[in-house]
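Peer 1: need a structure here:
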Amino acid sequence: MRLWTAPAWVLAGILISAHPGPGAQSGAAADPSQAAPAGPTENLFYSAEWRFVRAGEAQVSWMGERQVAMSLKTVGLVNTLFKVSDEYRATYDPGLCATSISFDSHEGRRNREIRVTFDRTRRRASFVEKDLNNNTVVLTKELDVPFCLQDVLGGLHRLRQMHPAVGTTVEFPVSDGKKVIMARIEAQQQEAISTPLGKFNATRYEVFLFNGVLYARKGRIFIWISDDEKHLPVQIKVQLPFYVGTITVQLEKVQ
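Peer 2: Numbers count the residues shown, from 1 in each chain. Reported below is the predicted structural model:
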């Protein structure tokens, strides 16, 4: 059952960068200095459907543009079969340049703690993963990183800021603390989407993270951003091999 949890975390972080505007060209570089100023707290509530059942719930909370928190839990039958309770936080310098990540993961009998720090002066990332069941360090890693990069949640926020026009492609650096990639996102088409929160005109983007890019698992990720002034991430679909299936995540409430 754990097959669905990794892409469920991806749901909230479908990576993008800076603010080149709707006319961005293929391969356009992101300029972190163009990020919008910090704003009030925003809470987004999502439901995740897997094989036609409500499988999980997620909340993403932005505290201005300097800190974000996300919680994810399984519900219903899936929770009975395989319980998940995960907490993720990230902090940023101005421009949504990631400075730290903390991830506390409780999935079945597996309990892990991950801490990542991004030293922008040294341009180095430090990754530490602990097994909380026996209080041991299972992985440490350091790697060179760009002066400014995004984690998956910071990337999602930048996608909302950019809202690239249909037919354009953007790329920018993204890291989970273990690997740095140039994430590629295609703006594919405009569609009408029905969610528990209502109907939205939205632009569909495909984000290329699977198939050995950031994650080894085979799959595809699509995200729909509303075309109104709020640019809400209203729907995410993670398509995995047939033995797992498709996970559909939809926005239910905004506070």
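Peer 1: need the pLDDT of residue 81.
Peer 2: Per-residue pLDDT puts residue 81 at 87.
Peer 1: and the strands in the chain?
Peer 2: For the chain, strands defined by DSSP state E occupy the ranges 42-50, 53-63, 67-74, 84-93, 97-107, 110-119, 124-131, 136-144, 169-175, 180-195, 198-208, 220-226, 233-239, 246-254.
Peer 1: with mean neighbour count and distance to residue 150 added, can I get the ones you listed in a markdown table?
Peer 2: All C-beta spots, glycine's among them, are computed from the backbone N, C-alpha and C. Shown next, in a markdown table, are these (neighbours: other CB atoms under 10 Å; distance: least, CB to CB, whole Å):
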| stretch | mean neighbour count | distance to residue 150 |
| --- | --- | --- |
| strand 42-50 | 19 | 18 |
| strand 53-63 | 19 | 14 |
| strand 67-74 | 20 | 11 |
| strand 84-93 | 19 | 9 |
| strand 97-107 | 19 | 6 |
| strand 110-119 | 17 | 10 |
| strand 124-131 | 17 | 12 |
| strand 136-144 | 11 | 15 |
| strand 169-175 | 23 | 5 |
| strand 180-195 | 17 | 8 |
| strand 198-208 | 18 | 12 |
| strand 220-226 | 22 | 15 |
| strand 233-239 | 24 | 15 |
| strand 246-254 | 19 | 20 |
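Peer 1: make CSV out of those strands and add distance to residue 159 and mean pLDDT.
Peer 2: Rendered in CSV, the data for the strands of the chain read as follows (distance: least, CB to CB, whole Å; pLDDT from 0 to 100):
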stretch, distance to residue 159, mean pLDDT
strand 42-50, 14, 93
strand 53-63, 13, 92
strand 67-74, 14, 92
strand 84-93, 15, 94
strand 97-107, 15, 94
strand 110-119, 20, 95
strand 124-131, 22, 97
strand 136-144, 24, 97
strand 169-175, 9, 91
strand 180-195, 7, 95
strand 198-208, 7, 96
strand 220-226, 6, 95
strand 233-239, 8, 94
strand 246-254, 14, 94
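Peer 1: possible to save the ones you listed as CSV with distance to residue 153?
Peer 2: Shown next, in CSV, are the strands of the chain (distance: least, CB to CB, whole Å):
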stretch, distance to residue 153
strand 42-50, 11
strand 53-63, 7
strand 67-74, 5
strand 84-93, 6
strand 97-107, 9
strand 110-119, 13
strand 124-131, 16
strand 136-144, 20
strand 169-175, 11
strand 180-195, 13
strand 198-208, 13
strand 220-226, 13
strand 233-239, 11
strand 246-254, 14
